[in-house]
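# turn this into a model:
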Amino acid sequence: MFGIGTKTPKKKTNHQVLISRFTAKNAQFEIRHSYFEISGFNKRDFDLFHAKITVTLRKSILDPQGKAIEHGIHSMGYPAISRVRIGKYVEFDVETEDRNEAERMVREACEKLLSNPVMEDFAFTLEPVQQTAHV
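The predicted model follows:
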């Protein structure tokens with residue numbers, strides 16, 4: 001389901017592949033979604049959700065990049081700003097049958113691909129997206 005550095009198949013297959021690319025510092029992630037052509041398949045039977053994911057270092061992990069930014073902010077004359085932490089922010093759409101399945105898919109993507117469970121935590125929100133008909 002998930003792959004890093006995978007490519008779209010060159011020959012025609014019995015399904016369409018939608019590839020979403022996410023770029024984070026020094027890494028590129030690719031998530032594949034397949035929509036199979038099944039007789040009686042109706043795309044309107046699925047709901048569309050927009051996922052917003054934040055990945056941050058755990059509180060117990062030192063954040064030298066955050067410290068450098070905090071020092072820069074202080075040298076700019078803003079000593080009231082403190083405890084700066086750096087993280088990643090990712091957004092993508094999930095098309096599935098229900099909200100529970102969308103949450104499971106996003107959580108699995110976060111645990112297996114988007115975050116390092118040893119040193120990072122993640123949080124996400126799912127918002128339903130109103131689909132508009134294309135004529």
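# what's the burial count for Trp127?
One correction, residue 127 is Glu, not Trp. 9 (other Cβ atoms under 10 Å). For glycine as for every other residue, the C-beta is placed from the backbone atoms N, C-alpha and C.
# report the separation between it and Ala102.
10 Å (Cβ to Cβ, to the nearest Å).
# quick check: neighbours shared by the two?
Here Glu127 and Ala102 have Phe49 as joint contacts, going by Cβ atoms under 8 Å, 6 or more residues apart in numbering.
# residues contacting stretch 81-98, please?
20, 22, 24-25, 31, 33, 45-57, 63, 65-67, 69-70, 73-74, 102, 105-106, 114, 126, 129.
# would you map the helices across the chain?
For the chain, the helices defined by DSSP state H cover 64-75, 99-109.
# now the strands for this structure?
Here the chain has its strands, by DSSP state E, at 2-3, 15-24, 27-36, 47-57, 87-96, 120-128.
# helices and strands around the fourth one, which ones?
Contact analysis of strand 47-57 by 3 or more Cβ pairs under 8 Å, 6 or more residues apart in numbering; DSSP states H and E lists strand 87-96, helix 99-109, strand 120-128 as its packing neighbours.
# any stretches of this protein with poor pLDDT?
Across the chain, the ranges flagged by pLDDT under 70 are 1-44, 133-135.
# at 50 what do you get?
Along the chain, the model assigns pLDDT under 50 to residues 1-26, 28-41.
# count the neighbours of the closest residue to Val106 other than its chain neighbours for me.
Distances taken as Cβ to Cβ, 6 or more residues apart in numbering put Ala51 closest to Val106, at 4.8 Å, once the chain neighbours are dropped. By the criterion of other Cβ under 10 Å, Ala51 has 20 neighbours.
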